[in-house]
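**Q** Pasted the sequence and its predicted model underneath.
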Amino acid sequence: MAAIVLYCLGIESTAHTFGASVVSDSGRILSDSRDVYASAPGKGIHPREAAEHHSELAARVISDSLKRSGVKASKLAGVGVSLGPGLGPCLRVGATVARSISAFFGLPLVPVNHAIGHIEIGILTTGAKDPLVVLVSGGHTAIAAFSGGRWRIFGETEDITIGNLYDMFAREIDLPSPAGPQIEKLAGKSSKFLTLPYVVKGNDVSYSGLLTASLAKFRSGAVLEDVCYSMQEVSCSMLAEAVERSLAYTGKKEILLTGGVAANRTLKGKLEAVAGLHDAVCHVVDSAYTGDCGAQIAWTAMLALQAGLATSADEALVRPKWRLEDVDIPWRDSAS
Amino acid sequence: MLISPGETAQARLIYKGAEAEIYLQDWQGELAVRKSRIPKPYRVPELDESIRRMRTAHEANMMHEVRKLGVPVPAIHHIDPESMTLIMDYVRGPTLKEELSTLSMSKRRERCNSLGNILGMMHEGGIVHGDMTISNVLSEDGKLFMIDFGLGDFSGEIEDMGVDLLLLNRAMKSTHYSFHAVLFNAFLKGYAKSVGKRRAGEIQQKMHEIEKRGRYFERG
């Protein structure tokens, strides 16, 4: 008799993306549907408007995901939802929808930390074993490694994230979104390096001075392509140095780059160079899952579910500031 | 045997860090450490060179200043900004990170207390380390030496001192998570002895503030 396969639905709604996905317990991603709220040019995410977008699209995205997977809702083993960190109004949409599905179909509800989702989908799609994780997105710039049942932070930004640096720069000068790819494209047209502040403190980086200086350079007449090139060079080199320091400190032999900014080729190239210097391997999350998506939540929920981490609906409250190092990970063995 | 500055024939690589390679070599009849900052392929050459040159000169200067405050650091014998190299005393001992794993709890507290003491002396003297981890402290028969001052700076800012505490606390947490609170509390005791209780409290408060800042960044 064939072994029973478990399926889990995952729902993501922490920021601008509403996503839903179905995965199997062997890590097969059967569907990954999403719809992204587009903010007005020159504007950031408006939490309430993004939440309205999510409410409107939720049913459609979830049924699309179930349909594509070929799995009936009643056959699911559980439903996972990312409860934080993220924007309160956006998180509440996902949580409400997940609670209803859980109650209606009598399914276990599994709370998922969004950042852990980025890490787990990275590990699933690359086969990384015991990596130093570099999580880069609009919400995070963090370097972490696993020990003693949790992901421990070894380095991070002391002010804004690398995703924010690009977003805020683009917004200030009215570049169309998404900012990251735009800046990368413009940067690719220049090789003229302008001096900009390079700030590394231990394994930490600080980007706010770089943002101010880049804007000032552009406003005082520097060529946009040169500014983008230099800002990208400096920001990615700073992070590469912080990663190299963490790699030397932890002695890890794998790097895992994950999160939205993992799509940036300059950053990827620099981290590959760091890995090369320390006989390490650099894994990069599958490009289909760099950005926020349901699959990262569905897969993490599947792992958590199998470790017995389901909760009741009234305990599944949103946690906008939920820290990644506060999450117990019973499904992963410490290598050290 | 005597060898001239820059000569590497007898040098032996003992440590490859993130920033520099550390060699053990003869220096005027004594064993000495040579720290060479190596080029990084992930930085454009003009940026890379200026960073390495600046940090080499800066580190020597910082160590000299810190020494004047009575903080134990290896003595510098030779500076070569062109090859981005420093030659300094060889401290025979493990890093505090390594040593802490092997000690009894009371010895651990003792070490962290003295670390607090000397970092406090530095801060009182207006110098911050900038890369304050337990890997950047060497223990030679229980006597602690501070090393790696490339990111150090003159500063009377509570923010910069808070960063030193944050980096140290995180290093303790990430490596010795089962007893890091004991280590950090012992550190704080020694630190307060040097800077005063009130000041230590303020800086610790700042540390928590910085830590919260960098976590999840709310877009909007």
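**A** Right, received. Where do you want to start? Residues are numbered from 1 along each chain as shown, chains lettered A, B, ... in the order given.
**Q** I'd guessed residue B:163 sits against residue A:158; true?
**A** Yes. In this structure, residue B:163 is within contact of residue A:158 by C-beta atoms under 8 Å, at 7.1 Å. Glycine gets a C-beta too; all of them are placed from N, C-alpha and C.
**Q** which neighbours do those two share?
**A** Jointly contacting residue B:163 and residue A:158 under the rule C-beta atoms under 8 Å, 6 or more residues apart in numbering or on different chains are A:201, A:204, B:210.
**Q** re earlier: what about residue B:163 and residue A:158, which has more around it?
**A** For residue B:163 and residue A:158, the more surrounded residue by other C-beta atoms under 10 Å in any protein chain shown is residue B:163, and the numbers stand at 28 against 22.
**Q** So that one: helix, strand or coil?
**A** Of the three states, residue B:163 takes helix under DSSP: H, G, I helix; E, B strand; the rest coil.
**Q** and the longest helix seen in chain A, what's its mean pLDDT?
**A** With DSSP state H applied, the helix covering the greatest number of residues in chain A is identified as helix A:224-250. Helix A:224-250 comes out with an average pLDDT of 96.
**Q** From the contact counts, what lies against the very next helix or strand once past that helix?
**A** Sequence order places strand A:254-258 as the next helix or strand after helix A:224-250, per DSSP states H and E. Helices and strands in packing contact with strand A:254-258 are listed as helix A:114-126, strand A:132-136, helix A:265-277, strand A:281-284; criterion 3 or more C-beta pairs under 8 Å, 6 or more residues apart in numbering or on different chains; DSSP states H and E.
**Q** one step back: of the shared contacts of residue B:163 and residue A:158 - the most surrounded one?
**A** residue A:204 (29 neighbours).
**Q** How is the chain divided into domains?
**A** Chain wasn't specified; assuming chain A. Here chain A is described, according to automatic domain parsing, as comprising the domains A:7-119+A:291-326, A:129-289.
**Q** You answered for a different chain; I wanted chain B.
**A** Following automatic domain parsing, chain B resolves into domains at B:12-89, B:96-214.
**Q** could I get these as CSV with distance to chain A and mean pLDDT?
**A** Formatted as CSV, the domains of chain B follow (distance: least, C-beta to the nearest C-beta, whole Å; pLDDT from 0 to 100):
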stretch, distance to chain A, mean pLDDT
domain B:12-89, 4, 94
domain B:96-214, 4, 94
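**Q** out of those domains, deepest packed?
**A** Compared across the domains of chain B, domain B:96-214 shows the largest average neighbour count, a mean of 19 (mean count of other C-beta atoms under 10 Å in any protein chain shown).
**Q** Could you check how far that domain is from the centre of its chain?
**A** 10 Å (C-alpha atoms, centre = their mean, to the nearest Å).
**Q** cool, stretch A:181-200 as well?
**A** The gap between the average C-alpha position of stretch A:181-200 and the chain average comes to 23 Å, counting by C-alpha atoms, centre = their mean.
**Q** which residue does the stretch 1-150 of chain A bring closest to chain B?
**A** Across the stretch 1-150 of chain A, the shortest distance to chain B (C-beta to the nearest C-beta) belongs to residue A:85, at 3.7 Å.
**Q** In contact with the residue nearest the centre of chain A: list those residues for me.
**A** Central residue check for chain A by C-alpha atoms, centre = their mean: the C-alpha nearest the mean position is that of residue A:259, 3.4 Å away. Residue A:259 makes contact with A:118, A:135, A:136, A:137, A:140, A:163, A:285, A:290 under the criterion C-beta under 8 Å, 6+ apart.
**Q** hang on, the earlier thing: export the domains of chain A to a markdown table and tack on distance to residue B:142?
**A** Supplementary listing: the domains of chain A in a markdown table, determined by distance: least, C-beta to C-beta, whole Å:
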| stretch | distance to residue B:142 |
| --- | --- |
| domain A:7-119+A:291-326 | 32 |
| domain A:129-289 | 23 |
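**Q** can you tell which of those is closest to residue B:175?
**A** Using C-beta to C-beta as the measure, domain A:129-289 is the one of those that comes nearest residue B:175, at 8.2 Å.
**Q** Any stretches of chain A with poor pLDDT?
**A** Along chain A, the parts satisfying pLDDT under 70 run over A:1-2, A:334-336.
**Q** which residues of it fall in helices?
**A** Per DSSP H, chain A carries helices over the ranges A:47-69, A:88-105, A:114-126, A:162-172, A:179-187, A:208-219, A:224-250, A:265-277, A:294-306.
**Q** ranking the ones you listed by burial, who's on top?
**A** The highest mean neighbour count among those, using mean count of other C-beta under 10 Å, belongs to helix A:294-306: a mean of 30.
**Q** before we move on, the earlier item: using a markdown table, lay out the domains of chain B together with distance to residue A:46.
**A** Formatted as a markdown table, the entries for these read as follows, by distance: least, C-beta to C-beta, whole Å:
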| stretch | distance to residue A:46 |
| --- | --- |
| domain B:12-89 | 37 |
| domain B:96-214 | 23 |
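**Q** Of those, which is nearest residue A:320?
**A** domain B:96-214 (13.0 Å).
**Q** Next, residue B:18: phi, psi?
**A** The phi/psi pair for residue B:18 (degrees, to the nearest 10) reads phi -70, psi -30.
**Q** residues in contact with it?
**A** The contact partners of residue B:18, by C-beta under 8 Å, 6+ apart, come to A:241, A:244, A:245, A:247, A:248, A:249.
**Q** Residue A:129 contacts residue A:254, doesn't it?
**A** Yes. Contact status for residue A:129 versus residue A:254: in contact at 6.5 Å, counting by C-beta under 8 Å.
**Q** of these two, who's got more company?
**A** residue A:254 (20 against 13).
**Q** What residues does the residue lying closest to the more buried one once chain neighbours are set aside make contact with?
**A** In space, residue A:254 comes closest to residue A:131 once its chain neighbours are excluded; the distance is 4.0 Å by C-beta to C-beta, 6 or more residues apart in numbering or on different chains. Neighbour list for residue A:131: A:122, A:123, A:145, A:252, A:254, A:255, A:256, A:283 [criterion: C-beta under 8 Å, 6+ apart].
**Q** Can you give me every residue that contacts the fourth one?
**A** By C-beta under 8 Å, 6+ apart, the contact set of residue A:252 is A:130, A:131, A:132, A:145, A:280.
**Q** Most widely separated two among those?
**A** By the measure C-beta to C-beta, A:145 and A:280 form the most distant pair in the contacts of residue A:252, at 12.3 Å.
**Q** Give me the more crowded residue out of those two.
**A** Neighbours of residue A:145 and residue A:280, each counted by other C-beta under 10 Å, are more numerous for residue A:145; the result is 24 against 20.
**Q** so the more buried one touches residue A:154, yeah?
**A** Yes. Between residue A:145 and residue A:154 there is a contact under C-beta under 8 Å: 6.0 Å.
**Q** one step back: just send the helices of chain A back as TSV, with distance to residue B:89 too.
**A** Formatted as TSV, the entries for the helices of chain A read as follows, by distance: least, C-beta to C-beta, whole Å:
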stretch	distance to residue B:89
helix A:47-69	57
helix A:88-105	55
helix A:114-126	42
helix A:162-172	39
helix A:179-187	45
helix A:208-219	35
helix A:224-250	22
helix A:265-277	27
helix A:294-306	50
